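Trainee: Below are the sequence and a predicted model for it; my questions follow.
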Amino acid sequence: MIRLRFENAAQIFENNAEVIILPVSEITEEIAKKYSGRLYAEIPAIIWEGSLASVKKKLEIVKSYGVTDVVAENIGAIGMAKDLGFKVHAGMTLNVLNSVAVEQYQKMGAVDVTMTFELAFAKLRKIKHEIPIGIVGYGYMPLMKLRACPARDEKGCGNCPGHQVLKDRMNEEFMLICHGKQYSELLNCVPTYVADKGVPEVDFETLFFTVETKEEAEKIYNQYINKETPEFRRTAGLYFRELQ
């Protein structure tokens, strides 16, 4: 099963994926109707106390549109989503590394779990689970979340479009994306892509689109489902290495 996660609605292309994931802030009534039955709302990975009521309100609104499922990217969101009557899917930033963690999230109410991208495939094959588990097979993986945006100057956000590029001493480019002016997220300089590798048997694979255009996302999706070797620079991350 393939799941497609998009940063914004403008990236969505025509596809046959079983699941489409969008940040809750991106879901309109029109989008909810168009992708009815396969649309999941993604809850922000960081929710400050001052924005909690706003997030709850947005979830209530998308529920009124007919959305029944959410992806929780922080542990506190699970209880909130359950209280609102959603089916909860545990996201990759919960950093689930082992069978015990899968079991605990199941007890908390998660109907499936996306394993962390820091888990080697050799260990993934040994995970015991009673609920479906999956991986992120493609995407610019998030390296860190920042409360104080490094792209913000003394005058504030100014005309920032919500994404910036940071360069390291090796001249590698890392995309920095803003999440509703609540926090920024630094992405890896190259995407993970494992369709043509020895991926263990899992229940679902997620393609995690962030900075790609609609056309780029569609091309990557087609390459991935056909298990093609991409022409772009990529990494397999820690999937074939042990976490130290």
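Mentor: Received, thanks.
Trainee: so Asn8 sits right up against Glu26, yeah?
Mentor: Yes: contact criterion C-beta atoms under 8 Å: Asn8 and Glu26 qualify, at 5.4 Å. Glycine gets a C-beta too; all of them are placed from N, C-alpha and C.
Trainee: So which of the two has more stuff around it?
Mentor: The neighbour count for Asn8 versus Glu26, taken as other C-beta atoms under 10 Å, is higher for Glu26 (18 against 14).
Trainee: Quick one: residues contacting that one.
Mentor: The contact partners of Glu26, taken as C-beta atoms under 8 Å, 6 or more residues apart in numbering, are Phe6, Glu7, Asn8, Ala9.
Trainee: nearest residue to the first one other than its sequence neighbours?
Mentor: Looking back up the chat, that one is Phe6. Excluding its sequence neighbours, the residue lying closest to Phe6 (C-beta to C-beta, 6 or more residues apart in numbering) is Phe209, at 5.0 Å.
Trainee: wait, what's in contact with that neighbour?
Mentor: Neighbouring residues of Phe209 by C-beta under 8 Å, 6+ apart: Leu4, Arg5, Phe6, Glu7, Gln11, Gly139, Ala217, Ile220.
Trainee: Ramachandran angles for it?
Mentor: phi -90, psi 130 (degrees, to the nearest 10).
Trainee: how close does it sit to Tyr239?
Mentor: Using C-beta to C-beta, to the nearest Å, we find Phe209 at a distance of 19 Å from Tyr239.
Trainee: Check the offset of the helix or strand bottoming out on mean pLDDT in the chain from the chain's centre.
Mentor: In the chain, the helix or strand scored least confidently by mean pLDDT, DSSP states H and E is strand 163-167, which has a mean of 80. Distance of strand 163-167 from the chain centroid (C-alpha atoms, centre = their mean, to the nearest Å) equals 20 Å.
Trainee: Can you point out the buried residues in that strand?
Mentor: The neighbour-count check on strand 163-167 (16 or more other C-beta atoms under 10 Å) flags His163, Gln164 as buried.
Trainee: Next, the angle strand 163-167 makes with the helix or strand just after that strand.
Mentor: Downstream of strand 163-167, the first helix or strand assigned by DSSP states H and E is strand 173-179. Comparing the axes of strand 173-179 and strand 163-167 via axes from the mean of the first three to the mean of the last three C-alpha atoms, to 10 degrees yields an angle of 150 degrees.
Trainee: who does strand 173-179 touch, helix- and strand-wise?
Mentor: If contacts are counted by 3 or more C-beta pairs under 8 Å, 6 or more residues apart in numbering; DSSP states H and E, strand 173-179 sits against strand 163-167, strand 183-187.
Trainee: which residues are in contact with that strand?
Mentor: Residues outside strand 173-179 that contact it (C-beta under 8 Å, 6+ apart): 7, 23, 44-46, 140, 143, 149-151, 157, 160, 162-168, 184-189, 210-211.
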